[in-house]
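1. Can you look at this prediction? I've put the sequence above it.
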Amino acid sequence: QVQLVESGGGLVQAGGSVRLACVFSGNTFRRYTMGWFRQAPGKEREFVAFISGSGISAYGADSVKDRFTISRDNAQNTVFLQMNSLKPEDTAVYYCAASWNAGRSYYTISGYDYWGQGTQVTVSS
């Protein structure tokens, strides 16, 4: 059974940086496309970024692509989200997700099979 465990969240001032990590276990990590989503209070969960199993392809939402970077270390079964120039509107619970099946939309929640429990990121102004 695939398990995902996020870490690295916390309280940061606007303009600061945070690096989230998500450790994958229970299957062959490099076979999975990995994504990050976030959910702010009172809002729907939204796409942040995804990265292919090989790490060659990576895409981010327009709202974060100039500030956030997704990466992965297949030797360590870990996916990262480096978040720079944080804004108060980036405050949310951040979730990592794993997708087994190719041909699905990695921009949507339905494109993923497994989810972590989430880690809170709070950006103060």
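-> On my side now, so go ahead.
2. just how off-centre is stretch 99-106 within its chain?
-> Its chain's average C-alpha position is 15 Å from that of stretch 99-106, according to C-alpha atoms, centre = their mean, to the nearest Å.
3. which residues are in contact with it?
-> Residues lying outside stretch 99-106 but in contact with it, judged by C-beta atoms under 8 Å, 6 or more residues apart in numbering, are 31, 32, 33, 34, 35, 50, 59, 110, 111, 112, 113. In this view, the C-beta of every residue, glycine as well, is placed from N, C-alpha and C.
4. Could you turn the buried ones of those residues into a PyMOL selection?
-> For selection in PyMOL, the members of the contacts of stretch 99-106 meeting the burial criterion (16 or more other C-beta atoms under 10 Å) are listed in this command:
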select buried, resi 32+33+34+35+50+111+112
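5. Just give me the closest of the contacts of stretch 99-106 to residue 21.
-> Each of these was scored against residue 21 by C-beta to C-beta, and residue 34 proved nearest at 11.4 Å.
6. Adjacent strands (with direction) for whichever strand or helix holds the closest one?
-> Assigned by DSSP states H and E, residue 34 belongs to strand 33-39. Counting by DSSP bridges, the strands paired with strand 33-39 are strand 46-51 (antiparallel), strand 92-99 (antiparallel).
7. continuing past the last one, what's the next helix or strand?
-> Later in the chain than strand 92-99, the nearest helix or strand by DSSP H and E is strand 114-115.
8. partners of that following strand, with directions?
-> Strand 114-115 has these strand partners (DSSP bridges): strand 92-99 (antiparallel).
9. pLDDT on the strand it pairs with, on average?
-> With pLDDT averaged residue by residue, strand 92-99 scores 98.
10. Could you find the residue nearest the spatial middle of this protein?
-> Central residue check for the chain by C-alpha atoms, centre = their mean: the C-alpha nearest the mean position is that of residue 36, 2.1 Å away.
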